[in-house]
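Asker: Predicted structure and sequence below. I'll ask about it afterward.
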Amino acid sequence: DAGVTQSPTHLIKTRGQQVTLRCSPKSGHDTVSWYQQALGQGPQFIFQYYEEEERQRGNFPDRFSGHQFPNYSSELNVNALLLGDSALYLCASSLAVLGYTFGSGTRLTVV
Amino acid sequence: TQLLEQSPQFLSIQEGENLTVYCNSSSVFSSLQWYRQEPGEGPVLLVTVVTGGEVKKLKRLTFQFGDARKDSSLHITAAQPGDTGLYLCAGALPTSGTYKYIFGTGTRLKVLA
């Protein structure tokens, strides 16, 4: 049973560019959440998708947007990249109260 | 604002010592999870507790959910260098047909050989 799959694993982008990160949830999970984690810090909640709608959003600007597809997979888009967007981006899927299964993350470096 | 406070923030101990990490909130959670994360990797779920007062054991790790479902503790017996990592608690709150998870601030544990 595959867990959460994220792609790509590593990415280098230039300031001002746009990036799309992808996530396939664990089989049977219907909710996908995205987190940003800076080095040495805990994960910061970006947003959550359920039934193809954004249900919750953290304190992130509109440059961060997402989408959930009918097969529950999800994308995170970041526009107008800033140096401060460099981080590990984690996708987590869940079903009800059973907790998250996290992917291994996408390491984004903005230069 | 829902907050989940973890303590201590940092912990450095010798191999063989015992330790306890605490996770406290004023919110009542539907469930609570503990995760362990190593550098460059996503957090890995260790346990989910659902019932107030529930105790779960995973080898040398003992997890307890408070009776009021507002707090939890993680106790490690005879810590080993392999236990080193970032420990995160997270509480589940119902919202908009699903659940959102509030993460604690994390406890960075280092076990010295």
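Answerer: Right, received. Where do you want to start?

Asker: which non-adjacent residue is nearest residue A:91?
Answerer: Leaving aside its sequence neighbours, residue A:91 sits nearest to residue A:23 (Cβ to Cβ, 6 or more residues apart in numbering or on different chains; 3.4 Å). Where you see a C-beta, it was placed from the backbone N, CA and C, and this is true even at glycine.

Asker: Enumerate the positions of the helix or strand hosting that neighbour that are buried.
Answerer: According to DSSP states H and E, residue A:23 maps onto strand A:19-24. Of the residues in strand A:19-24, A:19, A:21, A:23, A:24 count as buried by neighbour count, 16 or more other Cβ atoms under 10 Å in any protein chain shown.

Asker: Give me the most central residue, chain A.
Answerer: For chain A, residue A:34 is the residue whose C-alpha lies nearest the centre (Cα atoms, centre = their mean; 3.4 Å).

Asker: Let me see the contact set for the nearest residue to that residue once chain neighbours are set aside.
Answerer: Leaving aside its sequence neighbours, residue A:34 sits nearest to residue A:46 (Cβ to Cβ, 6+ apart; 4.3 Å). Counting by Cβ atoms under 8 Å, 6 or more residues apart in numbering or on different chains, residue A:46 makes contact with A:33, A:34, A:35, A:36, A:57, A:58, A:60, A:64, A:66, A:76.

Asker: Quick check: can you name the pairing partners of the host helix or strand of residue A:46 and their directions?
Answerer: Assessed by DSSP H and E, residue A:46 sits inside strand A:44-50. The pairing partners recorded for strand A:44-50 under DSSP bridges are strand A:31-37 (antiparallel), strand A:53-57 (antiparallel).

Asker: quick one: that strand to chain centroid distance?
Answerer: With Cα atoms, centre = their mean, to the nearest Å as the basis, strand A:44-50 stands 8 Å off its chain's centre.

Asker: max-length strand in chain B?
Answerer: Looking across chain B with DSSP state E, the single longest strand is strand B:85-95.
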